[in-house]
Each structure stands twice: as C-alpha cells, then as structure tokens.
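okay, sequence plus prediction incoming.
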Amino acid sequence: MKLTEKEQALLDGKHGLGLKKAMEILMALGRIYGAKEMVPVTSAQIAGVSYKNIGDPGLEFLTDWASQDARVHIPAFMNPAGIDRQIWRQLGFPEAFALKQIEIIEVLKRMGVRATLTCTPYHIGIVPQKGEHIAWSESSAVSYANSVLGARTNREGGPSALAAAFCGRTPRFGLHLHENRLATHRVLVNCKLESSADFGLLGYLIGKQVGSGIPFFQGIELPTNETERTTCLKSLGAAMAASGAVALYHVENFTPEAGVYGERIVKQNAGSIEITSMDEARTVLNHEGNQIDLVTLGCPHASLEELKEIARIIGNQQLKKPLWIASSAIVREDARANGILEIIEKAGGKVLADTCMVVAPLEEMGIKSIVTNSAKAATYLPSHQGAIVHFGTTEQCIHAAINGRF
Ligand code: F3S
C-alpha cells in the first residue's frame, strides 16, 4: 500500500505504540481487501461498546490500548452500551454488569471517544455530508449514512473504527470506491407500505435475498412528511443490515446517489426481485404465545419526533405492561424539555438512553417475551437474547402495553 510520510511515521511508531498498533490494524485490513492507499476520514462511530458483546476480553483489549497513549484525532462517538447510565438501578439492571459497562465507557472516554452512546448520531446533529469519507461501525448507522446521506463508509468493526479514529484515516476499499457503490439488485415494490414497520418488513425480505448486495428500489412511495420518511428509511436500512449485510441501498428518485449508481442496473435490463406483500415477513417475525414481559420501541434509536408521536398515541392512558423506548441521552433531554417525557412516564413508560433491547442484558433480567415495532430487533432478539418476539406497528405495540395483550 502506498503510504504518505505521516502514515509511515505512524506505522513506524514515531507517534507512540497505541497509534502504531492502530496503523497496523488498518494496514492488515487494507491488505486483505486490496486497498492501494488510505483515505482521510472525518468521523468515527465506535461499536462494540456493550459489555454483553465484548465481555472481559474486550475490556482488557481497550484498557491495554488506552495505556499505550492511544487518543482519537477526529470526532469519534460511541454506539449504545448495555445500560442506561442514569436509571439502570431503577430498571433492575444487574449491578455487576453495570459496573463493568461503566468501566468500558470510561476507558473509551479516556481515549477521547464521546459518550453519545447512540446508533442514530444523525438525530443529535452528527450528519456527514454527501461524499464525505467516514468510519462508522453500527450497521444501521452505516446504512443510513451511505444511503440516505450519501456519505462513504464501510461497515467497520469496533477495533478498526477506533483505529481509524486514532489515525484519522482508513484503507480506501469497498464503499469508499465509486465502482463499489453501484446497485447490484433491482427491487420492484408493488404494494403499499403503510408504516415504518412495513418498511422494516420490506428490509427483512430484501436483506435475506441480496445478502451483502446493493438494492435499487423502484415503486416505493415514501411519506411526504420528512420525519416519517426518515423513520421509514432507517427501519428499512436497519432491517436489511440485520437479515442480510446490506450497507448501502438506493431509492429511485430519492436517495442522493440513486441516479448515478442505481439506474445503470435498470439499463442492464437484468431480472428484478418483485415484492407484492409483507405477509410472509410478518409471519416469520411473529412468534406464538400471549405472554408480554416488555414492549420495546426505538430500534434504531428514536428521534424526538418519534417520541412525540409515541406520547400522542399514549395520551392520558395507563400502561399495563412495561414500555421501554430506546433513544440517546440528548434526545431524552429534549423530550424532557418539551414535556414529552412527562406524558410517557406518567403512563408508566420509560425512555431509555445509552442502550437498547439488543445490547442490554435482558435475558439475565428474566425478560423473555418481547413486543417490538423493529424488524431489526425482531430478527436479533431470538438469537441474541433467546426471546420470543411479537412484531407490530408502533400503534399495535403501544396498545399491547396499554391492554396487556398483543
Ligand atoms: Fe440501534 Fe440497538 Fe437497534 S444499536 S439499531 S437500537 S439493535
């Protein structure tokens, strides 16, 4: 790989052992994927924060790296952790788990990573521009940044995103290259998508079929309201990244690169995938049984507008079952300032910051049966948490919490 003087100096250890190790990780990745050079990146989003996912070996790895004076050189942000730092005791999170989790967050903070602890950084003002190279790692955030914003990132692992944050660069391969952003599959959607849950179901179906391909969607009617559109597109991308490994998609006449990278596949006149109903996906993601331990929304993390809509649906009703809505601490504070949090809490619901249903230790907390509006969560929860899942729209989920049955 061709390195600049600065990159060679990093690799030679002239900027310390921590950065040398980071550069070695980036070099190894670049060699595996045939990169010819590095590309400067403007931000890094670091996954692999939850103690549930990385355990003691992960904590030791991070602590070692921090002791080698590794510090970030570009803005870097954490993905969700396994606890809500403010209310974990109140929610009954296990203390031993919480203490380990706090240690991980503190080590990352020492290295300069901001404890945003969210998978939707674009809801808290971190919005990369079209064409900007970044190193993000949470799959739904990667999908949103590439597809909806037109930024350029591969799906980084936790260590490679950290290495990019330390060195300010990443190997130029994969989705950093123009030729790898071309659509690989044409998808004709011949049915109406009524809700963000339907967009999640579509994502579930397409992720299964295209794997790590790049779908070009035609026929999707997006909501005219910008907030609803954002919610639908993030559900679509999150689900495709969960059932497959889609890191980029194009929507005809909407996403910023659809014209350049999508329409070629139409001209090729190749076969297309046709979707006429969401019924199959709905059946697969819904399990038998009536028990509800928890109703959970906010995967990916909810925006302020989604919280407003949830509060509107709840109104002044009381919940019979626990309702947790995952979001970021910044959005929760905005919801508090707007009186939205009060409505949700008065009904008996909770807005959780810093964490989510997939990376929190729900199994350890005895939560087995979960209702959700997220196709991504419905895909992961049975395997990650051993949970029985019921999938529905936001309204159906909230009504399940109010009525105590789905
Ligand atoms: Fe985000 Fe957790 Fe879902 S990280 S996308 S809320 S699984």
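Structure received.

Thr228: what secondary structure?
No, residue 228 isn't Thr; it's Glu. Three-state assignment for Glu228 (DSSP: H, G, I helix; E, B strand; the rest coil): helix.

got the contact list for it?
By Cβ atoms under 8 Å, 6 or more residues apart in numbering, the contact set of Glu228 is Ser196. For glycine as for every other residue, the C-beta is placed from the backbone atoms N, C-alpha and C.

can you do 7 Å?
The contact partners of Glu228, by Cβ atoms under 7 Å, 6 or more residues apart in numbering, come to none.

could you do Glu7 as well?
Contacts for Glu7 (Cβ under 7 Å, 6+ apart) come out as Met23, Met38, Arg169.

run a quick neighbour tally on the residue in the stretch 151-300 of the chain that the ligand sits nearest to.
With Cβ to the nearest ligand atom, the shortest gap between the stretch 151-300 of the chain and the ligand falls at Cys299, namely 3.3 Å. The local packing of Cys299 (other Cβ atoms under 10 Å) involves 30 other residues.

and it, that's in a strand?
Yes - when three-state DSSP is applied, Cys299 is found to be in a strand.

any chance of a PyMOL selection covering the buried ones in the contacts of Glu7?
Selection of buried members from the contacts of Glu7 for PyMOL, criterion 16 or more other Cβ atoms under 10 Å:
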select buried, resi 23+38+169
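
now render the contacts of Glu7 as TSV, adding distance to Lys14 and pLDDT.
Output for the contacts of Glu7, formatted as TSV (distance: Cβ to Cβ, whole Å; pLDDT from 0 to 100):
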residue	distance to Lys14	pLDDT
Met23	10	98
Met38	16	98
Arg169	16	98
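
mind checking how far Met27 is from Arg155?
Relative to Arg155, Met27 is positioned 19 Å away (Cβ to Cβ, to the nearest Å).

before we move on, the earlier item: contact partners for the residue of the stretch 151-300 of the chain closest to the ligand?
Ala238, Ala326, Cys356, Met357, Val358, Thr372, Ser374, Lys376, Ala377.

restricted to helices, list these.
Ala238, Lys376, Ala377 (DSSP state H).

would you agree the last one is in contact with Ala360?
This means Ala377. No - applying Cβ atoms under 7 Å, one finds Ala377 not in contact with Ala360, separated by 11.3 Å.

and which of the ones in helices among the contacts of Cys299 is nearest to Cys119?
Within the ones in helices among the contacts of Cys299, proximity to Cys119 (Cβ to Cβ) peaks at Ala238, which comes in at 8.4 Å.

burial measure for the residue lying closest to the closest one once chain neighbours are set aside, as a count.
Distances taken as Cβ to Cβ, 6 or more residues apart in numbering put Ser140 closest to Ala238, at 3.6 Å, once the chain neighbours are dropped. Ser140 has 25 neighbours, counted by other Cβ under 10 Å.

same question, the one 5 residues further on
Residues near Ala145, counting by other Cβ under 10 Å, number 28.

how far away is it from Val371?
Ala145 is 29 Å from Val371, by Cβ to Cβ.

this protein against the ligand: which residues are in contact?
Counting by Cβ under 6 Å from any ligand atom, the chain comes close to the ligand at 79-80, 119, 138, 140, 238, 299-301, 326, 356, 358-359, 376-377.

restricted to buried residues, select those in PyMOL.
Command for PyMOL, covering only those of those found buried under the criterion 16+ other Cβ under 10 Å:
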select buried, resi 79+80+119+138+140+238+299+300+301+326+356+358+359+376+377
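
point me to the residue of the stretch 1-150 of the chain nearest the ligand.
Cys119 (3.2 Å).

leaving out chain neighbours, which residue sits closest to that residue?
Glu138 is the one closest to Cys119 (Cβ to Cβ, 6+ apart), at 4.5 Å.

for that neighbour, phi and psi?
With angles defined as degrees, to the nearest 10, Glu138 sits at phi -70, psi 130.

enumerate every residue touching it.
Gln45, Ala47, Asn79, Cys119.

mind putting the residues you listed into TSV with pLDDT?
Shown next, in TSV, are the contacts of Glu138 (pLDDT from 0 to 100):
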residue	pLDDT
Gln45	98
Ala47	97
Asn79	98
Cys119	98
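
lowest-pLDDT helix or strand in this protein?
helix 263-267 (a mean of 80; mean pLDDT, DSSP states H and E).

tell me which element the most centrally placed residue in the chain falls in.
The centroid of the chain falls nearest to Ser140 when counting by Cα atoms, centre = their mean (3.4 Å). Using DSSP states H and E, Ser140 maps to helix 139-144.

neighbouring contacts of that helix?
Here helix 139-144 has contacts from 45, 119-122, 136, 153, 155, 234, 237-238, 240-241, 246-248, 300, 376, using Cβ under 7 Å, 6+ apart.

pull out the buried members of those residues.
For the contacts of helix 139-144, a burial check counting by 16+ other Cβ under 10 Å picks out 45, 119-122, 136, 153, 155, 234, 237-238, 240-241, 246-248, 300, 376.

all strands of this protein, in order?
Counting by DSSP state E, the chain has strands at residues 38-40, 44-46, 76-78, 135-136, 169-171, 185-189, 215-218, 250-251, 272-275, 294-302, 323-327, 350-353, 369-372, 388-391.

winner for burial among these?
Burial of the strands of the chain is given as mean neighbour count (mean count of other Cβ atoms under 10 Å); strand 135-136 ranks first at a mean of 31.

which residues of the stretch 301-406 of the chain fall in helices?
Remark: helices assigned in the stretch 301-406 of the chain by DSSP state H, counting those that start in this stretch are 304-314, 329-337, 340-347, 375-385, 394-403.

hey, least reliable of these by pLDDT?
Ranked by mean pLDDT, the helices of the stretch 301-406 of the chain end with helix 375-385 at the bottom, a mean of 93.

kind regards, and thank you for your time.
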